[in-house]
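Trainee: no FASTA, just this:
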């Protein structure tokens, strides 16, 4: 088992929860230009049509991710895309090991993607309660930078990337806890406000 490939897969699975298309595009370009040797099953990521599709979808996500409420709708749809993609990336990186270990790797990859995706989606719900749009733009930009930076670090300094990933996952856990309390409080206030509305009067026949 190639531990550097496994570490890269863990990082890629995590960043796929933040921005799947930036992850695919970054990995494919690094392979195409010789900056990184991807695991064998990942070689299709450097194919021209995959890069073109990832680039087009990245542009769409780049715009959608910065528009309040549209970003949350986009995240909701991608719950069914980012998490399976994280599992597939992790499992494909260890394609030459026992099937039971591949299953474990896939579960780990899916869990990593679930953690980062849930943090992203929950933070966006919290940001959308703010009347200004700048927090969405800031969060989206930070996510894009984190995705590319973590992958670049994994390609050049795997140990540092591992430490950075642990830090990122710790931040995700803290943000999930904080944002969950915030969104629960928000929906609690919304529920109380709706229950305080007077019932509609019915006109007599």
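Mentor: Ah, there it is. Since the structure is predicted, the reported quantities are computational estimates derived from the model, not experimental observations.
Trainee: pLDDT averaged over the helix or strand where residue 80 lies, what's the number?
Mentor: Using DSSP states H and E, residue 80 sits in helix 70-93. Across helix 70-93, the average pLDDT comes to 94.
Trainee: Residues in contact with it: which ones?
Mentor: 5-6, 8-10, 12-14, 16-17, 20, 39, 41-42, 61, 64-65, 102-103, 105-110, 112-114, 117, 120-121, 124-125, 128, 136, 140 (CB atoms under 8 Å, 6 or more residues apart in numbering). Every residue, glycine included, has its C-beta placed from N, CA and C.
Trainee: Which among those residues count as buried?
Mentor: For the contacts of helix 70-93, a burial check counting by 16 or more other CB atoms under 10 Å picks out 5-6, 8-10, 12-14, 16-17, 20, 39, 41-42, 61, 64-65, 102, 105-106, 108-110, 112-114, 117, 120-121, 124-125, 128, 136, 140.
Trainee: related to what we said a few turns ago, can you flag which of the contacts of helix 70-93 belong to helices?
Mentor: Using DSSP state H, the members of the contacts of helix 70-93 that fall within helices are 5-6, 8-10, 12-14, 16-17, 20, 61, 64, 102-103, 105-110, 112-114, 117, 120-121, 124-125, 136, 140.
Trainee: quick one: low-confidence ranges for this structure?
Mentor: By pLDDT under 70, the weakly predicted segments of the chain are 1-2, 133, 181-194, 197-205.
Trainee: Can you give me the end-to-end span of stretch 84-102?
Mentor: End-to-end distance of stretch 84-102: 14 Å, with CA to CA, to the nearest Å as the criterion.
Trainee: From the chain's centroid, how far away is it?
Mentor: 18 Å (CA atoms, centre = their mean, to the nearest Å).
Trainee: buried residues in that stretch?
Mentor: 84, 85, 86, 87, 88, 89, 90, 91, 92, 93, 94, 102.
Trainee: what do you get for stretch 160-174?
Mentor: Buried-residue list, stretch 160-174, by 16+ other CB under 10 Å: 161, 162, 164, 165, 168, 169, 172.
Trainee: Stretch 29-42 now?
Mentor: 29, 30, 31, 36, 38, 39, 41, 42.
Trainee: Adding distance to residue 80, write those residues out as JSON lines.
Mentor: Below are those laid out as JSON lines (distance: CB to CB, whole Å):
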{"residue": "29", "distance to residue 80": "26"}
{"residue": "30", "distance to residue 80": "27"}
{"residue": "31", "distance to residue 80": "27"}
{"residue": "36", "distance to residue 80": "28"}
{"residue": "38", "distance to residue 80": "25"}
{"residue": "39", "distance to residue 80": "25"}
{"residue": "41", "distance to residue 80": "22"}
{"residue": "42", "distance to residue 80": "22"}
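Trainee: Nearest to residue 57 among those?
Mentor: Minimum distance to residue 57 across these is 14.6 Å, recorded for residue 29 (CB to CB).
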